[in-house]
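In: Next comes the sequence, and after it the predicted model I'd like to discuss.
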Amino acid sequence: MSDGVIQHGALQSYIDKWLSVQPHQRMALVFVDPAKYPGHVALAALEQELLGAAYGIAEPQVAATKLNWWAEELDAAASSGGRHPLTRVLFDEERAHAMPKERWLAPVLAAMAQLEEGTSVDFAAQLNAASALHGALAELETHWWYGQSATPARAARVATLSHLLHALRRLQDDADRDRLPLPMARLARFGLNRANLRERGEVRDQAIKAQLSDLQSSWADAGGMTGPLSVFRALEAGQGQRLVRRALQATESLTVLQRGLADRGFGVTLRAWGAARRWQQRVG
């Protein structure tokens, strides 16, 4: 693998798609050198491709077609080396071949299984439903970064919580989808319907704050779980926790969520450095 492979146009376009969703990860790339760790970056971009298919395509049949292509690609990658630029980078490394095929396929199969799921009954059910896909992604990521013996429990939980927060930020955009960002019990408690979710109002903000409170509590619980986090996952989780706290303190929580946090600056750089230091201490 040449040092300049990460800059190849075909690959870089997928890296850019990932960074457009998580711009703060540019700070992480200062410490996870793409030229030295191309597979680490390619895996993050692959995760974004799978999530884009699972959540970003409105028509389930179209999403299923794309995910089925990925299933075939990952199923054959160990022997073929892959056709997709991301797959080729990943399977150019021995660690990709060291993982069982089932681990590569698990996120795709989980994504396909949840395509037509509706809105969860309550927060616990919502967390459980989302953990199938995001837990599979976290397991793949944890074993890539830390080896087959690493425990993915903590990564799985924070990955799931990060997704639920991202879904909440898209509350207005996804008000017409079968799977709403707020569970049914929360909607019923505050007397909300789909139309209400598109409209600014005190009741809607109370429901959002209730969801944020559950996310905050679950994130605190995740801190006591075992297992390491990748640099990218640690930075994503930290940004998410800070955004939850800020939104809870705001009068209009959704506005704060949609605005997000600054993706640059000394604080982000320091957190990325700390995550990278913990990673190197663990693997070094």
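Out: Arrived safely.
In: In three-state terms, how would Pro181 be classified?
Out: Three-state call for Pro181 (DSSP: H, G, I helix; E, B strand; the rest coil): coil.
In: Find the residue closest to it in space, skipping its chain neighbours.
Out: The spatially closest residue to Pro181, leaving aside those adjacent along the chain, is Ala167, at 4.1 Å (CB to CB, 6 or more residues apart in numbering). In short, each C-beta sits where N, CA and C put it, glycine included.
In: Give me the phi and psi angles of the one you found.
Out: When read as degrees, to the nearest 10, the backbone of Ala167 gives phi -60, psi -40.
In: What of Met99?
Out: The phi/psi pair for Met99 (degrees, to the nearest 10) reads phi -90, psi 140.
In: Quick one: residues contacting it.
Out: Going by CB atoms under 8 Å, 6 or more residues apart in numbering, Met99 touches Leu140, His143, Trp144, Gln148.
In: just those residues now: which is nearest Leu235?
Out: Minimum distance to Leu235 across the contacts of Met99 is 16.5 Å, recorded for Trp144 (CB to CB).
In: and the helix or strand hosting that closest one, how far from the chain's centre?
Out: Using DSSP states H and E, Trp144 sits within helix 123-146. Offset of helix 123-146 from its chain centre (CA atoms, centre = their mean, to the nearest Å): 9 Å.
In: could you give the mean pLDDT of that helix?
Out: The average of the pLDDT scores along helix 123-146 is 98.
In: and Leu257, how many neighbours does it have?
Out: A total of 21 residues lie near Leu257 under the criterion other CB atoms under 10 Å.
In: Same check on the one 5 residues further on?
Out: Number of residues near Ala262 (other CB under 10 Å) recorded here: 11.
In: What separation do you get for the residue of the chain most remote from its centre and Ala210?
Out: Within the chain, the residue lying farthest from the chain centre (CA atoms, centre = their mean) is Gly191, at 30.1 Å. From Gly191 across to Ala210, the span is 13 Å (CB to CB, to the nearest Å).
In: With Arg186 instead?
Out: For Arg186, the distance to Ala210 equals 6 Å [CB to CB].
In: Next: Asn128.
Out: Separation of Asn128 from Ala210 (CB to CB) stands at 18 Å.
In: of those two, who's got more company?
Out: Higher neighbour count among Asn128 and Ala210: Ala210, with 16 against 13, using other CB under 10 Å.
In: which of the residues in the helix or strand encompassing Ala54 are buried?
Out: Assigned by DSSP H and E, Ala54 belongs to helix 38-55. Buried residues in helix 38-55, counted by 16 or more other CB atoms under 10 Å: 38-51, 53-55.
In: any idea how far that helix is from the chain center?
Out: Relative to its chain's centre, helix 38-55 lies at 9 Å (CA atoms, centre = their mean).
In: Okay, angle between that helix and helix 123-146 too, please.
Out: Taking axes from the mean of the first three to the mean of the last three CA atoms, to 10 degrees, one finds that helix 38-55 is oriented at 160 degrees with respect to helix 123-146.
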